[in-house]
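*Asks:* Predicted model follows, preceded by the sequence.
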Number of protein chains: 2
Amino acid sequence: MSENVGRWLRDEIENAILSYEFAPGERLDETVLANRFGVSRTPVREALMQLDAIGLIEIRPRRGAIVIDPGPHRIYEMFEVMAELEGLAGSLAARRLDKASREAITATHGRCEKSAAAGDSDAYYYDNEEFHKAIYAASRSDFLQEQCAQLHRRLRPYRRLQLRVRNRLSTSFSEHCAIVDAIFTGDGDEARRLLRTHVGIQGERFSDLVASMAAR
Amino acid sequence: MSENVGRWLRDEIENAILSYEFAPGERLDETVLANRFGVSRTPVREALMQLDAIGLIEIRPRRGAIVIDPGPHRIYEMFEVMAELEGLAGSLAARRLDKASREAITATHGRCEKSAAAGDSDAYYYDNEEFHKAIYAASRSDFLQEQCAQLHRRLRPYRRLQLRVRNRLSTSFSEHCAIVDAIFTGDGDEARRLLRTHVGIQGERFSDLVASMAAR
DNA sequence: ATTGCAGATCTTGTATACACAAACGTTGAC
DNA sequence: GTCAACGTTTGTGTATACAAGATCTGCAAT
């Protein structure tokens, strides 16, 4: 139970939102949440304030908190920014790569290979996350790493939907290969370019996403 | 007094931090703040939680809040990310430019010209901000616009320091001219490239920044 | 003189109580 | 039958009280 009740609640509610237990548009009643988690309203409010600052919910003065529904268009915008940041991380990683980062990337890349070969999309989903985090870390920019991790977290549920699409697993993995190549050979521009297209959701991949969102 | 006391306090404390009234590393005592603003501790805590989420302060469990001292290196990293995001905004703006955005950019660019010609660095500081915001808006990506605005806000004090450096005013303005050109001719790649170098702080500009920070 | 421990003090974390605003339902008039 | 106004109810916003943990001070022992 993470240090204090407020932070624990923040994580708890955040997970509930990201896993659609609290649906977009749903109203979060402070008293109800307090009862549900067996605490008073005070830490609940603190958790909600933090979630508001992160952008997961919106607190309208005197009218309570509602879960934000980003909508396809905004999600597209978020992926667009994510692509840009990952591109930067990749280009920095290529320039600054050290032994430890290289090993971390190799290791996570290897795990992705296994999961992809096994066709295990749940495992790949997790390994993929670790792979990308290894690249953030390799950028050696703490701030960039934090920003990437935060956005990555918010986009997590949609990434999961994406992986369900046919062939996406093997396509994704072969893109990973090219990215690793570019980073290891120190080609920053190429790493940037590859990551941008890998992360971004252009063309039919966007309509796939919209379709799977609508299917909920 | 922004709707409720908590948000008002957040803005108030945020300004105090950004203007160095609360120095980096300084401890923010909840009771002291509550007395100072004539409210109870509850809204003060809410404001602090939000500032923690934004990244301006750090709340260590049971040990109070301290103002974060980014340090030159982290500030450099922040400018690096800012440069990337502005680059993206510029490239999108070039692609999606509409009449209203074009006029907004022209107008703010014109104001920059006047301030630069007058050598009024305080006025230029403000006009420059509006110019960049016009570009964010022209990107037509709400999410990107928000991210840019937020980072821009956090970097505000350091930008101000930068402008004090000799010749920076006219250099900055001529860079603006090229940027406007690229956006208006629809050259997204060029706009991106120009904005990246305009916003980033490479080489001697970084040492200038460090020097002026050390002078505090 | 320095280090370690114990008590005191101060600050944060959580709960509860109260005040006040907004939503909702009911009633009455047109 | 519809709409508006009023009263009720519900839930948020703020204050205060209490509990628990952290820091600090002083004293003692090495």
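*Replies:* Alright, I've got the coordinates.
*Asks:* check contacts around the spatially most central residue of chain A.
*Replies:* The residue lying closest to the centre of chain A (CA atoms, centre = their mean) is residue A:152, at 2.3 Å. Neighbour list for residue A:152: A:82, A:129, A:132-133 [criterion: CB atoms under 8 Å, 6 or more residues apart in numbering or on different chains]. Heads up, the C-betas are built off the backbone N, CA and C, glycines and all.
*Asks:* what about it, helix or strand, and which?
*Replies:* If you go by DSSP states H and E, residue A:152 is part of helix A:142-163.
*Asks:* now the angle from that helix to helix B:142-163?
*Replies:* If you take axes from the mean of the first three to the mean of the last three CA atoms, to 10 degrees, helix A:142-163 sits at 170 degrees to helix B:142-163.
*Asks:* Could you verify my assumption that residue A:78 touches residue A:70?
*Replies:* Yes: if you go by CB atoms under 8 Å, residue A:78 and residue A:70 touch, sitting 7.1 Å apart.
*Asks:* of the two, who's got more company?
*Replies:* Taking other CB atoms under 10 Å in any protein chain shown, residue A:78 and residue A:70 do not tie; residue A:78 has more neighbours (21 against 18).
*Asks:* State the phi and psi torsions of residue A:21.
*Replies:* The phi/psi pair for residue A:21 (degrees, to the nearest 10) reads phi -70, psi -40.
*Asks:* How about the backbone phi and psi for the closest residue to it other than its chain neighbours?
*Replies:* Of all residues not flanking residue A:21 in the chain, residue A:15 sits nearest, at 8.0 Å (CB to CB, 6 or more residues apart in numbering or on different chains). Torsion angles at residue A:15 (phi, psi; degrees, to the nearest 10) stand at phi -60, psi -40.
*Asks:* before we move on, what about residue A:201?
*Replies:* Main-chain torsions, residue A:201, degrees, to the nearest 10: phi -120, psi 90.
*Asks:* likewise residue A:29?
*Replies:* Main-chain dihedrals, residue A:29, degrees, to the nearest 10: phi -90, psi 120.
*Asks:* Near it, how many other residues are there?
*Replies:* Residue A:29: 13 surrounding residues under other CB under 10 Å.
*Asks:* from memory residue A:132 sits against residue A:82, does it?
*Replies:* No: with contact defined as CB under 8 Å, residue A:132 does not count as touching residue A:82 (9.7 Å).
*Asks:* got any residues that touch both of these two?
*Replies:* A:148, A:152.
*Asks:* Throw the contacts of residue A:152 into CSV and include secondary structure and distance to DNA strand D, thanks.
*Replies:* Below are the contacts of residue A:152 laid out as CSV (DSSP: H, G, I helix; E, B strand; the rest coil; distance: CB to the nearest atom of the strand, whole Å):
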residue, secondary structure, distance to DNA strand D
A:82, helix, 31
A:129, helix, 32
A:132, helix, 34
A:133, helix, 29
